[in-house]
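>>> No letters, just coordinates:
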């Protein structure tokens, strides 16, 4: 898999470079071989392919190839859109295309030079050569735009060099893959690189997406910095593709950073992506309206405060990154002080500082991801300082980002979601001209921050099993997107619509349900959802043209402050042990409601210590939910009749669905082997371990399992269902406890339980512990076979589950022949 993803990435870079080489060789001709529009579309397709290769590669192990693929992908996506605009006549002036292309090309010249430098220093010469060749090609193209003495053939030669280096690497990986490691061209053997990583040159648990995200900050800063330095003559439509490409990629890197369990850098990338979309919006505005848009000053002050708080907490993880974010605090303050916003010299000067700082910090991240000897980011000094404090203790360890119930592939995104609530609500304070609503920059804050990023936070919350929180975030994001476009994009003009009011009332009804549910979650969530109702009322009053003066500001302040407190609480709880800013207890507490206050243990099944803990609970008379080879089940130890009775009661077990008996090996029945017929014994031996439950006649063999008074709850007076599961965790648990009594982990009549989160949700406090194994391997229960008349050669089926009838009959036939 690693070979193929490496091949896809390098072949994609080679293919794009070949297209560009043909383009530049034929550019002196009157009609180039590849028209600008067609070349732009092809580059966009290849950029998507490169992004896929980089992401898939990084999910396995970090490599310099990740940064190379994502950087070239971002370069070609912006480059491709500019070529399409030029081909369609959207950049009519002679110097427009040059001014549009130069900031991006100059940025990636330096960015890929940094990647190449790290490649050569960290013994990845071929990747370094490819990065250096793309950087050289970009530098040649910049020079071509400013000097006609350098012909396009020099640019084409640089792209051909990229083709050769990329093709060689891809050929080496394909040969390695096809020959199963027997043939490896020099410099393309990943086995050596893996050995280097294991020897101390790996990522050490760091975020492999931090460096590409920082390189994208260089791209947006370059657009404004080039204007200040006089490299480009004006800011225009041609620069929007660079800004929006950087913003789009940073939202993707934000998601991937959550996947890499780096919630604070993910939040930082979410913040910076908002600025990129706002910058693109400001440059796009003059294309349909004369003049420059105005900025809401209070909003930018709030944004600078959020950046400062995030910088403070990020510095506890990495002081270098925390200090880096302070540059964005200065950027927001500069924007707030400049009525012209991005067009003013002050913010553009800070953009130059962002460019330089991003390059330096990106170099540190690139080098530390691959080198054996790391550049110290200063975390050790912070830990030593906090070690002296008895009040503050950093949260650390492998379970740092584990949710309360089970596990998740993502870190918690609530910090970003709350921050977006603050940003979107304070954007309402902008009092723009109703006749020209787009003249005030509100859409990026409301739609991108309040809508897109909050939707991202809701999706991550859903992936972490937070059903109520995810529902609220997704509902609020939809509200911000729809109403933000309607109210602040002037979609309904000056006329107010009854239909819009009806839609808002429907949103308010949904939010009323969330307010009610939040009573059982926490005090902070109750006020958070309740104060959003004030924002919804603001939308409703505006829709019916009855909005009182000052109501927007009052609602904004209340909801914004509550959201800011939730932002601080989520950020501090993810950083420190203990509650610095408590979310509060549930307003209403009911038995079985609110997993956060439950005493039910949730232990990861991958740990042997967890299985031992579950065994101790079963031996002491508890009931537990455990994973199996099919769905989750509720179990109790046969040696504890009180526990078996408790499991029977908690399930409200129906008489036609008796509890079954599980063992780990037929050796447990060996003393009673003489009580079974040879055919039945051989059939059990052939059928197990598997998801096949055999209903066999009840007899004296039950007493050999030490069931005592538990026997009356198992099976029927005539028969007992027995099975050896095909699951190593379950059989190991039975080895520790002895035979167990089993029933499905759901109330009788309900659907089977296929995830550990559902066990507690369905059974509540009636279960003492849950062994968390994630989603069930199968969503179908076991096959139950009637073996009470097997000696006559006949078997029946009470339930056909995952194992089909034909397979069971085939096993019986083989046993009978034997």
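Yep, that arrived. On a predicted model such as this, the values are computed, not experimentally measured, just so you know.

>>> Now do the helices in the stretch 401-550 of the chain.
For the stretch 401-550 of the chain, helices defined by DSSP state H, counting those that start in this stretch occupy the ranges 414-427, 443, 454-463, 467-488, 498-518, 523-543.

>>> Next one: residue 78 relative to residue 143, how far apart?
Taking C-beta to C-beta, to the nearest Å as the measure, residue 78 falls 19 Å from residue 143. For every residue, glycine as well, the C-beta is placed using N, CA and C.

>>> more neighbours, the two?
Neighbours per residue (other C-beta atoms under 10 Å) separate residue 78 from residue 143, with residue 78 holding more: 32 against 14.

>>> what about the closest residue in space to the more buried one that isn't next to it in sequence, how many neighbours?
Distance criterion C-beta to C-beta, 6 or more residues apart in numbering; nearest residue to residue 78, sequence neighbours excluded, is residue 245 at 4.1 Å. Neighbourhood size, residue 245 [other C-beta under 10 Å]: 28.

>>> secondary structure element for residue 245?
Assigned by DSSP states H and E, residue 245 falls within helix 240-259.

>>> same question, residue 625
Applying DSSP H and E, one finds residue 625 within strand 624-626.

>>> Each with direction, which strands does that strand pair with?
Take DSSP bridges as the rule and strand 624-626 pairs in its sheet with strand 633-637 (antiparallel), strand 769-772 (parallel).

>>> which stretch in those strands is the model least sure about?
For these, mean pLDDT drops lowest on strand 769-772, to a mean of 89.

>>> how distant is the helix or strand following that one from the center of its chain?
Counting by DSSP H and E, the next helix or strand C-terminal to strand 769-772 is strand 783-786. How far strand 783-786 lies from its chain's middle: 42 Å, per C-alpha atoms, centre = their mean, to the nearest Å.

>>> I'd like the average pLDDT over strand 783-786.
Averaging the model's pLDDT scores along strand 783-786 yields 92.

>>> now for it, which elements pack on it?
Applying 3 or more C-beta pairs under 8 Å, 6 or more residues apart in numbering; DSSP states H and E, we find strand 783-786 packed against strand 692-697, strand 796-799, helix 805-817.

>>> Pull the residues that contact it.
The list of residues contacting strand 783-786 from outside it, by C-beta atoms under 8 Å, 6 or more residues apart in numbering, reads 687, 691-695, 721, 795-805, 808.

>>> Let me see the domain layout of the protein.
The record, using the TED database to delimit domains, assigns the chain the ranges 1-182, 415-574, 601-817.

>>> can I get those domains in JSON lines with distance to residue 236?
Formatted as JSON lines, the domains of the chain follow (distance: least, C-beta to C-beta, whole Å):
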{"stretch": "domain 1-182", "distance to residue 236": "6"}
{"stretch": "domain 415-574", "distance to residue 236": "17"}
{"stretch": "domain 601-817", "distance to residue 236": "50"}
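
>>> Which among the ones you listed is found nearest to residue 355?
Distance to residue 355, taken as C-beta to C-beta, is lowest for domain 1-182 among the domains of the chain, at 7.8 Å.

>>> For residue 349, which non-adjacent residue is spatially closest?
Leaving aside its chain neighbours, residue 349 sits nearest to residue 228 (6.1 Å; criterion: C-beta to C-beta, 6+ apart).

>>> Any figure for the gap between the one you found and residue 352?
In terms of C-beta to C-beta, residue 228 sits 6 Å off from residue 352.

>>> Which of the domains of the chain sits closest to residue 329?
The closest of the domains of the chain to residue 329 is domain 415-574. By C-beta to C-beta, the value is 14.1 Å.

>>> per-residue confidence averaged over that closest one?
Computed over domain 415-574, the average pLDDT equals 85.

>>> Distance from the chain centre to that domain, please.
23 Å.

>>> Distance across that domain, terminal residue to terminal residue?
Chord length of domain 415-574, first to last residue, is 9 Å (C-alpha to C-alpha, to the nearest Å).

>>> least trustworthy helix or strand in this protein by mean pLDDT?
Counting by mean pLDDT, DSSP states H and E, the chain has its least confident helix or strand at helix 190-196, which shows a mean of 48.

>>> ok, back up a step: mean neighbour count for the helices and strands packed on strand 783-786 - can I get that in TSV?
Listed next are the helices and strands packed on strand 783-786 as TSV, based on neighbours: other C-beta atoms under 10 Å:
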stretch	mean neighbour count
strand 692-697	23
strand 796-799	13
helix 805-817	13
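
>>> Which one of the ones you listed lies nearest to residue 682?
With distances scored as C-beta to C-beta, the stretch of the helices and strands packed on strand 783-786 nearest to residue 682 is helix 805-817 (4.9 Å).

>>> Give me the residues contacting the closest one.
By C-beta under 8 Å, 6+ apart, helix 805-817 touches 679, 682-683, 686-687, 692, 783, 785, 790, 793, 795, 797.

>>> And for stretch 796-803?
When contacts are defined by C-beta under 8 Å, 6+ apart, stretch 796-803 is touched by residues 630, 690-692, 695, 778, 780-786, 789, 805, 808.

>>> returning to what we had before: what's the spacing between the residue nearest to residue 78 and residue 138?
Relative to residue 138, and taking C-beta to C-beta, residue 245 is found at 15 Å.

>>> Could you do residue 664 as well?
For residue 664 relative to residue 138 (C-beta to C-beta), the value is 64 Å.

>>> now do residue 767
Residue 767 is 61 Å from residue 138, by C-beta to C-beta.

>>> Please identify which of the helices and strands packed on strand 783-786 is closest to residue 37.
Closest approach to residue 37 among the helices and strands packed on strand 783-786 (C-beta to C-beta): helix 805-817, 58.0 Å.

>>> just how off-centre is the closest one within its chain?
With C-alpha atoms, centre = their mean, you get 47 Å for helix 805-817.

>>> what's the angle from it to strand 692-697?
On the basis of axes from the mean of the first three to the mean of the last three C-alpha atoms, to 10 degrees, helix 805-817 is oriented at 60 degrees to strand 692-697.

>>> I'd like to know the average pLDDT value across helix 805-817.
Mean predicted confidence for helix 805-817 is 90.

>>> Stretch 317-325 now?
Here the average pLDDT along stretch 317-325 is 90.

>>> follow-up on the earlier one: helices and strands around the helix holding residue 245, which ones?
If contacts are counted by 3+ C-beta pairs under 8 Å, 6+ apart, helix 240-259 sits against helix 36-60, helix 64-87, helix 96-121, helix 210-228, helix 263-284, helix 454-463.

>>> Would you confirm that residue 580 belongs to a helix?
No: applying DSSP: H, G, I helix; E, B strand; the rest coil, one finds residue 580 to be coil, outside a helix.

>>> give me the number of residues near it?
By other C-beta under 10 Å, the residues close to residue 580 number 14.

>>> Now do the same contact list for it.
Residue 580 touches 392, 569, 572-573, counting by C-beta under 8 Å, 6+ apart.

>>> which of those tops the neighbour count?
Neighbour counts for the contacts of residue 580 (other C-beta under 10 Å) peak at residue 569, which has 21 neighbours.

>>> Phi and psi next, for the closest residue to it other than its chain neighbours.
In this structure, residue 569 finds its nearest non-sequential neighbour in residue 581, 3.8 Å apart by C-beta to C-beta, 6+ apart. Backbone torsions of residue 581, given as degrees, to the nearest 10, read phi -120, psi 90.

>>> my read: residue 581 touches residue 567, true?
No: counting by C-beta atoms under 8 Å, residue 581 does not reach residue 567; the two are 9.3 Å apart.

>>> Would you mind telling me which of these two has more residues around it?
Higher neighbour count among residue 581 and residue 567: residue 567, with 24 against 15, using other C-beta under 10 Å.

>>> State whether the more buried one and residue 423 are indeed in contact, as I suppose.
No: assessed by C-beta under 8 Å, residue 567 is found out of contact with residue 423, at 10.2 Å.

>>> re earlier: and the helices and strands packed on helix 240-259 as TSV, adding distance to residue 817?
Formatted as TSV, those follow (distance: least, C-beta to C-beta, whole Å):
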stretch	distance to residue 817
helix 36-60	47
helix 64-87	56
helix 96-121	64
helix 210-228	63
helix 263-284	61
helix 454-463	51
